[in-house]
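1. Next input, structure requested:
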Amino acid sequence: MRVNEPVTQRRVEVAKDATILSTTDPKGKITYVNEDFERISGYHRDELIGQSHNLIRHPDMPRTAFYEMWQRLQSGHSWMGVVKNRCKNGDHYWVHAYATPILDDRGRIVEIQSVRQAVPDEAIIERAEALYAKVRAAEPDKGELTPVPRTGVKLGIRTKALALISLPAVTALLVTILSPPILAQAGLLFLAVVAAIGGFVWVWQPIEQIFRRSTSMLHDPVGELVYYGGQDEAARINLALLYLQTKQEAVPKRLAGVTDHIQSVGTQSSEAIAEANERSRQQTEETQQVATAMEEMSQSVEEVARNASMGAETSQRAQEQTARGMEAVQQSADAVRNLVERIQGSSEVTNLVASETERIGKALDLIQEITEQTNLLALNAAIEAARAGHVGRGFSVVAEEVRVLADRTSESTKEIKSIIDSLQDGATRAVATMNESLEKAEETANFADQARQVLEDINSAVATMQQMSAEIASATEEQSATADEVNRNINNIDQMAQEVSRRTEQASSRMGDLADEIDQASRLVKRFARRQHNQ
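-> Numbers count the residues shown, from 1 in each chain. The predicted structure is shown next:
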């Protein structure tokens, strides 16, 4: 058996008007508790739901008591008894408990309901505590249990009554025997006693029937001892009457608990409906805002579609202009390459001229040397002619002419050399300039190639942009159609939200009416329960 600790042995009083309600599944798992259960046990509802009901079992309770309870419940009968339960903090409380199984159409147990109240008499608690201690000490901690023996009554009412009635008759009979003269009187007395016994038997028969019915209804020797301190006909009949009374009171108390629960649920439902109504109102406002936003978005989408179409047209024009630019750049590149070829040809001619002027310079140098040599020879010839006198005068004239011619040749040679030097210098500068122009032309050609490649990339990008613009235009058209559809759906949702709000207000009003009806029913059930209890 589960042992719940700690145990303080401090008693918690249960108010006379308190009703502790709970339900379990057929295996004893808690499915419902009321507020009195939570308040007295100290457990919160969340700690109890789904837990085994033996969570509140006190270690002082004998296993046999619960064995008897489950035997009756599983056989489809209700059970009544005095139970000591444990609080969460280890305290305890005594209750007069009534448990009944709820059966389905097939006779199977689907739920067990338990109604517990304050024990009506302190003497009952004292007897229960003493008896449970004896039973607990005698039973094993583990293993199988056996039911409490169903003993017969001990010197019942009938036996006591017969003894009381027979005592005067026996006394009279003894007196008669001892006093023979009054034999006739003794006979009459004996007949009177016999008649009294017969009358008692006649009166006792209905009581015997009640006793047998009480036994068939509830035969609980432990309950008889606990509730009434004995095991006679009176205890058994009184226990059966208490059982019937408890059963009769349990129904309205359970109904009162149900109505309280329904009332609580109704209040919560009303609050939830009010909150739902407020949320519905907010949803309506937000839906209207969304509808407005969707309308604006639809307009924006249309604007984007127009801009996308314009972008596609602009991309088309840009692609055409880029194609023309590529053609112009290609023509420029071809012209630059032709120029490069011509510059290369001019450079070769200039280099050839420079080479030829260099050869001319070398020839002039040779002529200059010959001129100088001729001038030297003419000078020598003049000297020799002077030495020859008159004979050498003609030779001297010729030598002078040769010298003059040599001088003129020398001057012409110098002038030609100067011209050749200038020409050679110009050719050199022309070659350098042409080489530089060639480099620039080649660089320009490279730039033209790069520009053409860039234009090709731009053209490809523009083509992609054109395609994307077309796709964007198509997508925005679809998005516009979708936005219109969403806008229509939002308007439908708005109408439905308004309808839900209207229905919610109606439901809230009806829940208020239902709460009033439940409140009236609850008061009626509680008044009925109090009247039954007072009876």
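2. Lowest mean pLDDT among the helices and strands of this structure, which one is it?
-> Across the helices and strands of the chain, mean confidence by mean pLDDT, DSSP states H and E is lowest for helix 157-178: a mean of 51.
3. Which helix runs longest in the protein?
-> helix 233-388 (DSSP state H).
4. mean confidence score for it?
-> Helix 233-388 carries an average pLDDT of 72.
5. So which elements touch it?
-> strand 20-24, strand 79-86, strand 92-103, strand 109-117, helix 157-178, helix 183-217, helix 221-228, helix 393-534 (3 or more C-beta pairs under 8 Å, 6 or more residues apart in numbering; DSSP states H and E). Backbone N, C-alpha and C define where each C-beta goes, glycine included.
6. In terms of mean pLDDT, which of the ones you listed ranks lowest?
-> Minimum mean pLDDT among those: helix 157-178, a mean of 51.
7. And the one helix or strand Tyr32 maps to, what does it pack against?
-> Following DSSP states H and E, one finds Tyr32 within strand 30-33. Judged by 3+ C-beta pairs under 8 Å, 6+ apart, the packing partners of strand 30-33 are strand 20-24, helix 45-48.
8. Next, the buried residues of it.
-> Neighbour-count burial for strand 30-33, counted by 16 or more other C-beta atoms under 10 Å, picks out 30, 32-33.
9. elements contacting the following helix or strand past that strand?
-> For strand 30-33, the following helix or strand on the C-terminal side (DSSP H and E) is helix 35-41. Under the contact definition 3+ C-beta pairs under 8 Å, 6+ apart, helix 35-41 sits against strand 20-24, helix 45-48.
10. Recalculate using a threshold of 10 Å.
-> In terms of contacts (3 or more C-beta pairs under 10 Å, 6 or more residues apart in numbering; DSSP states H and E), helix 35-41 is packed against strand 20-24, helix 45-48, strand 79-86, strand 92-103, strand 109-117, helix 233-388.
11. tally of neighbours for Thr374?
-> 18 (other C-beta atoms under 10 Å).
12. from now on call the first residue 491
-> Taking 491 as the first residue, the last one we looked at is Thr864.
13. Would you confirm that it contacts Arg898?
-> No - counting by C-beta atoms under 10 Å, Thr864 sits too far from Arg898 to count as a contact (11.0 Å).
14. hmm, back to that, and Asp550, which of the helices and strands packed on helix 525-531 is closest to it?
-> Nearest to Asp550 among the helices and strands packed on helix 525-531 is strand 569-576; the distance by C-beta to C-beta comes to 5.6 Å.
15. Just the CA trace of that closest one, in PDB.
-> This file holds the C-alpha atoms of strand 569-576, laid out as PDB (Å, rounded to 0.1, in the frame of the first residue of the first chain):
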ATOM      1  CA  TRP A 569     -20.000   2.300  -0.600                       C
ATOM      2  CA  MET A 570     -20.300   4.300   2.600                       C
ATOM      3  CA  GLY A 571     -17.800   4.700   5.400                       C
ATOM      4  CA  VAL A 572     -15.800   7.000   7.700                       C
ATOM      5  CA  VAL A 573     -12.400   7.800   6.200                       C
ATOM      6  CA  LYS A 574      -9.300   9.600   7.600                       C
ATOM      7  CA  ASN A 575      -7.600  11.500   4.800                       C
ATOM      8  CA  ARG A 576      -4.200  13.100   4.700                       C
END
